[in-house]
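K.L.:
With the input below, show me the fold.
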Amino acid sequence: MQFSDGQERDRSIIAPGGSPSAAVAARSCKDLLPRRRERRGEDRISALSDDLLLLILRRLDTRAALGTGSLSRRWAHLPRELPALDLRVSDILPPLYQRLVLLHRDIYSKGTDVQYRVGAMKGELMPNIRRYERRAMRALTRYVEIILEADALRARRKLSKLKLEFFITPNTARINQLIAKAVDVWGVNDLEVVAKPFYWQRDVREFPSHGLCKDTRISCLQRLKLGGCVLPPLHGFNALTMLVLQDKPDSPAAAYEAVFTWCTKLQVLHLNSCRCSGDMIVVVDAPSSEIRELVVSKCRFRSMWLRALPSLESLASLDTRVLFESASFPCLRHWNIRLDIGVILEGFRQFLAEYLELDLFLGCTPGITNLIVRFTGPDRWIVSSSSPSFLLPNLR
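P.N.:
Residues are numbered from 1 along each chain as shown. Reported below is the predicted structural model:
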């Protein structure tokens with residue numbers, strides 16, 4: 001039997017036991033291959049819906065999110081639609097910056113900075129570190145400007161959460177505008193602001209005269225974390241229930257004491273690595289406070305004296321001396337104590353021996369049911385002068 005040229009080609013791809021229809025289907029698939037190759041250059045990501053693109057953006061760090069704006073006009077406005085913004089200058093810094101910082105620390109930790117190449121520390125290493133820090137801040141500032149400009153051209157957005165980490169520079173006007181707009185206009189209820197000094201510097205940041213926002217009466221702020229900046233006025237934030245203060249510079253004792261009375265609805269307060277000017281004593285006397293959880297960790301206070309916190313249920317005093325001045329803590333049930341006690345000089349140890357009794361810490365807390373104690377230092381072994389069952393009758 002004779003076949004035409006086309007039939008010969010069809011017959012050549014017919015498998016044993018196959019049929020001519022299978023051959024035609026195979027040839028049709030073969031004809032589609034060039035078309036697929038032509039479509040390889042198509043931008044399939046832009047064909048996705050806005051909901052899927054926003055899902056992608058939520059999983060990107062700040063460095064990657066900054067780059068998406070250059071893909072197309074459609075990507076540029078997408079960050080404005082996100083319900084939460086997480087802008088961190090540390091995400092923008094390249095890996096080389098971290099290697100330079102580690103090299104600088106290693107040189108000083110080993111005491112080899114004198115032996116290091118003459119002028120290399122000041123002439124090469126530190127200038128390179130500063131250059132990367134300034135570049136990262138310029139990129140972050142440009143991104144903040146894009147967000148603010150997009151908001152001015154479009155309808156008012158809604159934002160539930162804002163995390164902002166930046167270096168302390170003389171010009172942070174755009175950062176201030178973003179924070180104020182988030183609180184005043186966008187209705188943010190969870191705000192985190194962390195100001196970092198340039199490497200090997202100890203700068204602190206101060207907020208403008210109006211503080212975080214211009215009108216605290218309309219604020220919806222419920223959770224607030226402030227790090228590396230001077231404590232701004234917090235009175236008027238009536239919806240605030242959780243406050244975290246971290247790496248605070250030297251501040252008067254009155255500033256910390258006012259926190260307990262400024263925010264009437266505050267329930268959770270964390271003080272981490274905060275400093276008190278003049279090594280002063282912080283006295284907490286807030287009989288109308290609703291604070292239920294208090295954490296004081298590695299704070300540079302001489303001590304913190306608690307007079308009245310009637311709603312307090314849980315207390316953690318870590319590497320900070322916290323003492324009770326009265327028994328006005330009827331709800332306190334949990335206490336975690338970690339403290340370095342004692343001095344090395346023998347004369348001072350004998351003088352202070354009478355003050356190293358467990359009753360000094362637990363004399364006003366009979367309602368405690370859960371207690372964690374870790375004393376370190378030369379005088380870590382403390383003997384109670386009273387019976388444990390008398391001091392803590394409800395201890396489990």
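K.L.:
Could you say which helix or strand holds Val144?
P.N.:
When elements are assigned from DSSP states H and E, Val144 belongs to helix 126-153.
K.L.:
Likewise for Phe361?
P.N.:
helix 359-362.
K.L.:
Show me what counts as buried in that helix.
P.N.:
Under the neighbour-count criterion of 16 or more other C-beta atoms under 10 Å, helix 359-362 has Phe361, Leu362 buried. No exception for glycine: its C-beta is placed from N, CA and C like everyone else's.
K.L.:
continuing past it, what's the next helix or strand?
P.N.:
Remark: after helix 359-362, the chain's next helix or strand is strand 370-376, criterion DSSP H and E.
K.L.:
Return the helix holding Phe361 as CSV; C-alpha atoms alone will do.
P.N.:
Included here for helix 359-362 are C-alpha records, laid out as CSV according to Å, rounded to 0.1, in the frame of the first residue of the first chain:
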residue,chain,number,x,y,z
ASP,A,359,12.0,39.0,103.8
LEU,A,360,13.1,42.3,102.1
PHE,A,361,11.8,40.9,98.8
LEU,A,362,8.8,38.9,99.8
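K.L.:
In terms of secondary structure, what does that helix contact?
P.N.:
Taking 3 or more C-beta pairs under 8 Å, 6 or more residues apart in numbering; DSSP states H and E as the contact definition, the neighbouring helices and strands of helix 359-362 are strand 322-328.
K.L.:
partners of the next helix or strand after the strand it packs on in the sheet?
P.N.:
Secondary structure here is assigned by DSSP H and E; on that basis, the next helix or strand after strand 322-328 toward the C-terminus is strand 334-340. Within its sheet, and counting by DSSP bridges, strand 334-340 is paired with strand 314-318 (parallel), strand 370-376 (parallel).
K.L.:
Tell me where the model's unsure across the stretch 251-396 of the chain.
P.N.:
In the prediction, the stretch 251-396 of the chain carries residues with pLDDT under 70 at positions 279, 342-357, 359, 379-388.
K.L.:
mind redoing it with 80?
P.N.:
With pLDDT under 80 as the threshold, the stretch 251-396 of the chain has low-confidence stretches at 278-279, 341-363, 377-391, 396.
K.L.:
before we move on, the earlier item: give me whichever of the strands paired with strand 334-340 is most buried.
P.N.:
When the strands paired with strand 334-340 are scored by mean count of other C-beta atoms under 10 Å, the highest mean neighbour count falls to strand 314-318 (a mean of 19).
K.L.:
ok and it relative to strand 322-328, angle-wise?
P.N.:
With axes from the mean of the first three to the mean of the last three C-alpha atoms, to 10 degrees as the basis, strand 314-318 and strand 322-328 are set at 160 degrees to each other.
K.L.:
Tell me how far the helix or strand Leu103 falls within lies from the chain's centre.
P.N.:
Under DSSP H and E, the secondary-structure element containing Leu103 is helix 95-109. Here the centre of mass of C-alpha atoms in helix 95-109, compared against the chain's by C-alpha atoms, centre = their mean, to the nearest Å, lies 23 Å away.
K.L.:
One more: stretch 367-374?
P.N.:
Relative to the chain's own centre, stretch 367-374 is displaced by 29 Å; criterion: C-alpha atoms, centre = their mean.
K.L.:
can you dump the C-alpha coordinates of that stretch into PDB?
P.N.:
What follows is stretch 367-374, C-alpha atoms only, in PDB (Å, rounded to 0.1, in the frame of the first residue of the first chain):
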ATOM      1  CA  GLY A 367      -0.800  36.200  97.700                       C
ATOM      2  CA  ILE A 368       1.900  34.800  95.400                       C
ATOM      3  CA  THR A 369       1.200  31.300  94.100                       C
ATOM      4  CA  ASN A 370       4.100  31.000  91.500                       C
ATOM      5  CA  LEU A 371       7.600  32.100  92.300                       C
ATOM      6  CA  ILE A 372      10.800  31.800  90.300                       C
ATOM      7  CA  VAL A 373      14.000  33.000  92.100                       C
ATOM      8  CA  ARG A 374      17.500  33.100  90.600                       C
END
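K.L.:
which residues are contacting it?
P.N.:
Counting by C-beta atoms under 8 Å, 6 or more residues apart in numbering, the neighbours of stretch 367-374 from elsewhere in the structure are 329-339, 362, 392, 394-396.
K.L.:
And these, which of them are buried?
P.N.:
The neighbour count (16+ other C-beta under 10 Å) marks Phe329, Leu332, Arg333, Trp335, Ile337, Arg338, Leu339, Leu362, Leu392 as buried among those.
K.L.:
all helices for this structure, in order.
P.N.:
All helices of the chain, identified by DSSP state H, fall at 5-12, 20-38, 50-57, 62-68, 73-76, 89-92, 95-109, 120, 126-153, 173-184, 253-262, 346-352, 359-362, 388-391.
K.L.:
Need the nearest residue in space to Ser303, chain neighbours excluded.
P.N.:
Arg321 (4.2 Å; C-beta to C-beta, 6 or more residues apart in numbering).
K.L.:
before we move on, the earlier item: the helix holding Leu103: which residues count as buried?
P.N.:
Judged by neighbour count using 16+ other C-beta under 10 Å, the buried positions of helix 95-109 are Tyr97, Leu100, Val101, His104, Ile107.
K.L.:
Just list whatever residues bridge to the residue most central in space within the chain.
P.N.:
With distances taken as C-alpha atoms, centre = their mean, Glu192 lies nearest the centre of the chain, 6.2 Å away. Beta-bridge pairing for Glu192 (DSSP bridges): Lys163, Lys225.
K.L.:
For it, list the residues it contacts.
P.N.:
When contacts are counted by C-beta under 8 Å, 6+ apart, Glu192 touches Leu162, Lys163, Leu164, Leu224, Lys225.
K.L.:
which stretches of the stretch 1-150 of the chain have low pLDDT?
P.N.:
Looking along the stretch 1-150 of the chain with the criterion set at pLDDT under 80, you get 1-51, 53-82, 108-123, 150.
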